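Peer 1: With the input below, show me the fold.
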Amino acid sequence: MLRRLVDRVLSWVDAGLAALGHGFIREWTKVERSYRRPLSKLAFRVKFAFYPLLAVGAIAWLGLEPRPLACRGGERDL
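Peer 2: Take a look at the predicted model:
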């Protein structure tokens, strides 16, 4: 008898947590969809060309460093 009661209570707890989780995920999806990332329209337009452009930009950024490592004695300040 006690085992049935424990199973029934655990079933209610499980159903309640599942309902809460489903509601949370539904509301969180609304929050995520309403959030606008900067440059998302540009990234959507260029699609797969975005990543090579990002790599070229990163290499250019490294190339434009004002003082190369050789001029600083090969050490960086931390």
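
Peer 1: Secondary structure element for R33, which one?
Peer 2: Per DSSP states H and E: R33 is located in helix 2-34.

Peer 1: Which secondary structure state is assigned to F48?
Peer 2: When classified by DSSP: H, G, I helix; E, B strand; the rest coil, F48 comes out as helix.

Peer 1: rewinding a little: and the helix holding R33, what does it pack against?
Peer 2: Packing partners of helix 2-34 (3 or more C-beta pairs under 8 Å, 6 or more residues apart in numbering; DSSP states H and E): none among the helices and strands. For glycine as for every other residue, the C-beta is placed from the backbone atoms N, C-alpha and C.

Peer 1: Could you give me the buried positions within it?
Peer 2: By neighbour count with 16 or more other C-beta atoms under 10 Å, helix 2-34 contains no buried residues.

Peer 1: avg pLDDT for it?
Peer 2: The pLDDT scores in helix 2-34 average 89.

Peer 1: from the chain's centre, how far out does it sit?
Peer 2: 24 Å (C-alpha atoms, centre = their mean, to the nearest Å).

Peer 1: And this protein, split by domain according to the record?
Peer 2: Here the domain assignment for the chain is 1-35, 37-78, based on automatic domain parsing.

Peer 1: number of nearby residues for F50?
Peer 2: F50 is flanked by 14 other residues according to other C-beta atoms under 10 Å.

Peer 1: Please apply the same query to V46.
Peer 2: With other C-beta under 10 Å as criterion, V46 counts 14.

Peer 1: I figured it hits L53, correct?
Peer 2: Yes. Under the criterion of C-beta atoms under 8 Å, V46 makes contact with L53 at 6.8 Å.

Peer 1: Now list whatever residues contact both of these two.
Peer 2: Counting by C-beta atoms under 8 Å, 6 or more residues apart in numbering, no residue touches both V46 and L53.

Peer 1: OK, contacts around the residue nearest the centre of the chain?
Peer 2: For the chain, the residue nearest the mean C-alpha position is E32 (10.7 Å; C-alpha atoms, centre = their mean). E32 makes contact with no residue, according to C-beta under 8 Å, 6+ apart.
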